[in-house]
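A.B. asks: my questions are about this predicted structure, shown below with the sequence.
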Amino acid sequence: MERYLVATTMGIAFGFAARCLMLRSDYRQYPAYPHGYVTHLSLGLIAALLGALAIPALLEKEFTAVTFLSLAATQFRDIREIERETLSKLDLTNLVARGPDYIEGIARVFEARNYLVMLIALLVSGLSYFTDFIVGLIPGVLSLFAALRLMHGPVIGEIGRVRPAGLSFEGPNLFVEDIHFMNLAREEVRRTVLERGLGVVIEPIDDNAREILANSGQRMAIAHDAATQLGIYRDVDTAEFTPILRRDLDTGRIAMLILPLEKDIECLVAAVKNVPVLESSSARPLKSRVGRGAAD
Amino acid sequence: MMKASISKYILAVITLDSSLVSGGGAPVFVARDRIEQDRIATYMARITEGVVHDLENGVYILVKH
């Protein structure tokens, strides 16, 4: 009994610690409110509990308990649903929308993190039970580091060269470098765009990167992240100041036009470089023979 | 089930020369000069949350994006 207690406590402790570490609120500001934390921490605690109890339950030949555990695990699938629904609804009132791809990515992460917590709790409780709780400590700490590492995916700065670019008008037509953006009729709007606007070009480093940047969900994510970090010079009635990203069809370059509140090109480039590459946009044409053949 | 909707449409046409525009679904506003055209366009863009585009023949269109 003593052994079980130690093992499950270890599992729960490490699982919960992993969830706490992975629940970090940064510029994405989600979750930002105490209630958001409570929801995710309590679900994390349940996940840790489930993971930690699995091995003791099996050893006690409580097979029904184990089946119930797996049943409970499916509940975590709902988290993705809940997150997706909440964020999609909130997105309607955002000045610069996250876009469905970004939301799906966030929702997936929330779901996956609970499974990760379960796995960590399972591993730690199993090892603590079969060996010694001191032995359980080592993989516990290692798995915390692994969980932190898993939080970081690739970013735009790794798949493309991000550099500042100039804006210009030809008649009413707005260009960033030689990429056509839109037609703006009003003189006042054109002046504001030239005064306050910043342009950035992202050049893909290879064909995989080109396909990632072509995804319009990925582009919405770039616009959203840049706008949340630098502020956005627009209100609901000024649609012409919405950040836009356009693609140069010949080279696959992406250009962005944004009117930030803080006109600081270096920060803008840094913000764009740090945008995560979305799972849903990731493509690897170079992994296929046809893709490689077409690339040269 | 696929949900289809039109996401971009012309809300209004603001022109200097009424002979350049005819028929269609959007209301046409005829302005006396460039200044008036700009002012009407600005007001309407604010009210409708649309964007004004210049067809470069004296015709502005107000588009909902």
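C.D. replies: Yes, it's here. Quantities reported herein were computed from a predicted structural model and do not represent experimental measurements. Numbers count the residues shown, from 1 in each chain, chains lettered A, B, ... in the order given.
A.B. asks: verify the contact between residue A:209 and residue A:162 for me.
C.D. replies: No. Between residue A:209 and residue A:162 there is no contact under C-beta atoms under 8 Å: 11.6 Å. In short, each C-beta sits where N, CA and C put it, glycine included.
A.B. asks: is chain A contacted by stretch B:50-63?
C.D. replies: Yes. Judged by C-beta under 8 Å from any C-beta of the partner chain, stretch B:50-63 and chain A are in contact via B:50, B:51, B:52, B:53, B:54, B:56, B:60.
A.B. asks: neighbouring contacts of stretch A:105-117?
C.D. replies: The contact list for stretch A:105-117, computed with C-beta atoms under 8 Å, 6 or more residues apart in numbering or on different chains, reads A:15-16, A:18-19, A:22-23, A:28, A:30, A:40, A:43-44, A:47-48, A:51, A:73, A:76-77, A:79-81, A:83-84, A:87, A:98, A:147, A:150, A:221, A:276, A:278-280.
A.B. asks: ugh, wrong one, stretch A:244-258
C.D. replies: Contact with stretch A:244-258 is made by A:160, A:165, A:167, A:174, A:176-182, A:193, A:197-204, A:210, A:213-214, A:219-220, A:222-223, A:226-227, A:230, A:232, A:243, A:268, A:272, as judged by C-beta under 8 Å, 6+ apart.
A.B. asks: which ones among these come in contact with chain B?
C.D. replies: Contacts with chain B are made by residue A:182 out of these, judged by C-beta under 8 Å from any C-beta.
A.B. asks: can you tell me which of the contacts of stretch A:244-258 are buried?
C.D. replies: Taking 16 or more other C-beta atoms under 10 Å in any protein chain shown as the criterion, what is buried in the contacts of stretch A:244-258 is A:160, A:165, A:167, A:174, A:176, A:179, A:181-182, A:193, A:197-204, A:210, A:213-214, A:219-220, A:222-223, A:226-227, A:230, A:232, A:243, A:268, A:272.
A.B. asks: among those residues, which are located in strands?
C.D. replies: Among these, the ones falling in strands (DSSP state E) are A:160, A:165, A:167, A:174, A:176, A:179, A:181-182, A:198-204.
A.B. asks: looking at these, spot the one nearest chain B.
C.D. replies: Nearest to chain B among those is residue A:182, at 7.6 Å by C-beta to the nearest C-beta.
A.B. asks: residues contacting the closest one?
C.D. replies: Residues near residue A:182 by C-beta under 8 Å, 6+ apart: A:173, A:174, A:240, A:244, B:51, B:53.
A.B. asks: of these, grab the buried ones for ChimeraX.
C.D. replies: In ChimeraX, a selection of the buried entries from the contacts of residue A:182 looks like this (16+ other C-beta under 10 Å):
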select /A:174,240,244 /B:51,53
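A.B. asks: give me the number of residues near the residue of chain B found nearest chain A?
C.D. replies: Closest residue of chain B to chain A, C-beta to the nearest C-beta: residue B:54 (3.6 Å). Other residues near residue B:54 come to 20 when the count uses other C-beta atoms under 10 Å in any protein chain shown.
A.B. asks: next one: the one 4 residues further on
C.D. replies: The local packing of residue B:58 (other C-beta under 10 Å) involves 15 other residues.
A.B. asks: so it touches residue B:19, yeah?
C.D. replies: No. Residue B:58 is beyond contact range of residue B:19, at 10.3 Å (criterion: C-beta under 8 Å).
A.B. asks: chain A contacts on chain B?
C.D. replies: Residues of chain B lying near chain A (C-beta under 8 Å from any C-beta): B:38, B:41-42, B:45-47, B:49-54, B:56, B:60, B:65.
A.B. asks: give the contact list for the residue of chain B closest to chain A.
C.D. replies: Counted by C-beta under 8 Å, 6+ apart, residue B:54 has contacts A:171, A:172, A:183, A:184, A:185, B:60.
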